[in-house]
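# Here is a sequence with its predicted model. Questions after.
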Amino acid sequence: MTKKILFTVPITVACIIFSTYTNAQSNGKQIIRQNQAWISTNNTIRLTNKWGFIADFHVRRNDFFRNPNFYFARLAADYWVTNSLTMAVGYAHMWLAPSVAGWKTFSNENRIYQQLQYVSKFSKLNIMERLRNEQRWQQTMINDKPSGQNKFTDRVRLLLSLSMPVFHNRKYPSPVLSDELCIQFGQKIVYNTFDQNRLFIGLKQNITKDLWFDIGYMELKQQL
């Protein structure tokens, strides 16, 4: 009888992001610009040939690092259809800081999500494509207190990420370019089916074969 060997593949990503928000209203368009910092650790841990899990944690802050924007945690079961194609189902929770002056209470958002991810290679170009579908229950707040009601939306996210080594030595960084489009649906979604677009350009730095970090700039456009 053969003995099954368990192994892990951790992936850690840290991003510093300056984002731009666009707030569109029915009576005209108001543009609000913000500078933010976004740091995350993203881990894919493979336990067997077919099964593993995803464990992420994110911190985003306004005015660079001055004020909180949100804290976010994600956990999912991950299944390898092939070495290039994976399927995942999981749960995520967000603690969102108030945006109204004088308010102090964080609101909660619960998510269930499903995703397909495919990685491929064209010559030296590394390609990652991801389709994610999220069901989101966002807590509504009134006068800095939970109202007891949630806003439900379904959001579809399409991500394309490209990276290519430019040096023969793996110790040197590689450029990364990615774009993610988010569209949402729901009874209360009227003017902003387009939710946001995230365009990222940066560098990927390997630490080991299975561990690396990304750092770069993101332009995030969001319609509220």
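Structure's in. What do you need?

# Leu159 touches Cys182, doesn't it?
No: Leu159 sits out of contact with Cys182 when judged by C-beta atoms under 8 Å, with a separation of 9.4 Å. From N, CA and C alone the C-beta is placed, and that goes for glycine too.

# tell me which element the residue most central in space within the chain is part of?
The chain has His58 as the residue nearest its centroid, 8.4 Å off, counting by C-alpha atoms, centre = their mean. Secondary structure assigned from DSSP states H and E places His58 in strand 51-62.

# now stretch 105-120: mean pLDDT?
Confidence over stretch 105-120 (mean pLDDT, whole number) is 98.

# Any chance you could list what contacts it?
74, 76, 84-98, 126-141, 144-146 (C-beta atoms under 8 Å, 6 or more residues apart in numbering).

# For Phe64, see how far away Glu109 is.
24 Å (C-beta to C-beta, to the nearest Å).

# And the two? Which one has more around it.
Residue environment comparison for Glu109 versus Phe64 gives the larger neighbour count to Glu109, 19 against 12, counting by other C-beta atoms under 10 Å.

# Distance check, that one against Thr153.
Distance of Glu109 to Thr153, computed by C-beta to C-beta: 10 Å.

# Quick check: bridge partners of Arg33?
Under DSSP bridges, the beta-bridge partners of Arg33 are Thr20.

# ok, it - how many residues close by?
When neighbours are counted by other C-beta under 10 Å, Arg33 registers 9.
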